[in-house]
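Participant: build me a model from this:
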Amino acid sequence: MIINVKPLYERLTNKITKGKIFNNSINDWVMFIYDHKKYIKNNSDLVTITLEDKNKYKYMFKAFLRSKKYNQRIYWIVKIINNLEYTNEEFTSRDFLFIPTESFITELYRLYQTSKKIKK
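Facilitator: Next comes the predicted model:
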């Protein structure tokens, strides 16, 4: 029998913030991502887009992320750090993308929450 030793507070906090991490309608969070774009990029995985990927996922960006074992809900963050958010350019026109891990984005969200509390 495995006993979960994480404090209740931590488990509840993780459940509550999990959905917000991927929400691109929280303006302050989106601005935080833009403000830390270089930092995110420097701490992301460099993922190669193969010819097979280009043919298979041309119009399916979220499916491409899933195929590479990344959470598809970070698509908007990936677009921002790769300068694809305001362009009609398909991601498959690139040879690689910078993709942050979910754990990195989770830690970044915690930093964002802390910075919001300090500003108040």
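Participant: show the pLDDT at residue 85.
Facilitator: pLDDT recorded at residue 85 is 83.
Participant: quick one: secondary structure of it?
Facilitator: At residue 85, secondary structure determined by DSSP: H, G, I helix; E, B strand; the rest coil is coil.
Participant: buried residues in the helix or strand containing residue 76, which are they?
Facilitator: Assigned by DSSP states H and E, residue 76 falls within helix 75-81. For helix 75-81, a neighbour-count test (16 or more other CB atoms under 10 Å) marks 75, 77-81 as buried. Heads up, the C-betas are built off the backbone N, CA and C, glycines and all.
Participant: residue 90: which of the residues you listed is nearest?
Facilitator: residue 79 (11.4 Å; CB to CB).
Participant: isn't that closest one right up against residue 85?
Facilitator: Yes: between residue 79 and residue 85 there is a contact at 4.4 Å, judged by CB atoms under 8 Å.
Participant: which strands and helices lie in contact with the longest helix seen in the chain?
Facilitator: Counting by DSSP state H, the longest helix found in the chain is helix 102-119. Identification of packing neighbours for helix 102-119 by 3 or more CB pairs under 8 Å, 6 or more residues apart in numbering; DSSP states H and E yields helix 8-21, helix 27-35.
Participant: angle of it against helix 27-35?
Facilitator: With axes from the mean of the first three to the mean of the last three CA atoms, to 10 degrees applied, the angle from helix 102-119 to helix 27-35 works out at 120 degrees.
Participant: export helix 102-119 as PDB, just CAs?
Facilitator: The C-alpha trace of helix 102-119 is given here as PDB (Å, rounded to 0.1, in the frame of the first residue of the first chain):
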ATOM      1  CA  GLU A 102       5.400  20.900 -18.400                       C
ATOM      2  CA  SER A 103       7.400  20.800 -15.200                       C
ATOM      3  CA  PHE A 104       9.400  23.900 -16.200                       C
ATOM      4  CA  ILE A 105       6.100  25.700 -17.000                       C
ATOM      5  CA  THR A 106       4.700  24.600 -13.700                       C
ATOM      6  CA  GLU A 107       7.700  26.100 -11.900                       C
ATOM      7  CA  LEU A 108       7.400  29.300 -14.000                       C
ATOM      8  CA  TYR A 109       3.700  29.600 -13.000                       C
ATOM      9  CA  ARG A 110       4.700  29.300  -9.300                       C
ATOM     10  CA  LEU A 111       7.200  32.100  -9.900                       C
ATOM     11  CA  TYR A 112       4.500  34.200 -11.500                       C
ATOM     12  CA  GLN A 113       2.200  33.600  -8.500                       C
ATOM     13  CA  THR A 114       4.900  34.700  -6.200                       C
ATOM     14  CA  SER A 115       5.700  37.800  -8.200                       C
ATOM     15  CA  LYS A 116       2.000  38.800  -8.100                       C
ATOM     16  CA  LYS A 117       1.900  38.400  -4.300                       C
ATOM     17  CA  ILE A 118       5.000  40.600  -4.000                       C
ATOM     18  CA  LYS A 119       3.500  43.400  -6.200                       C
END
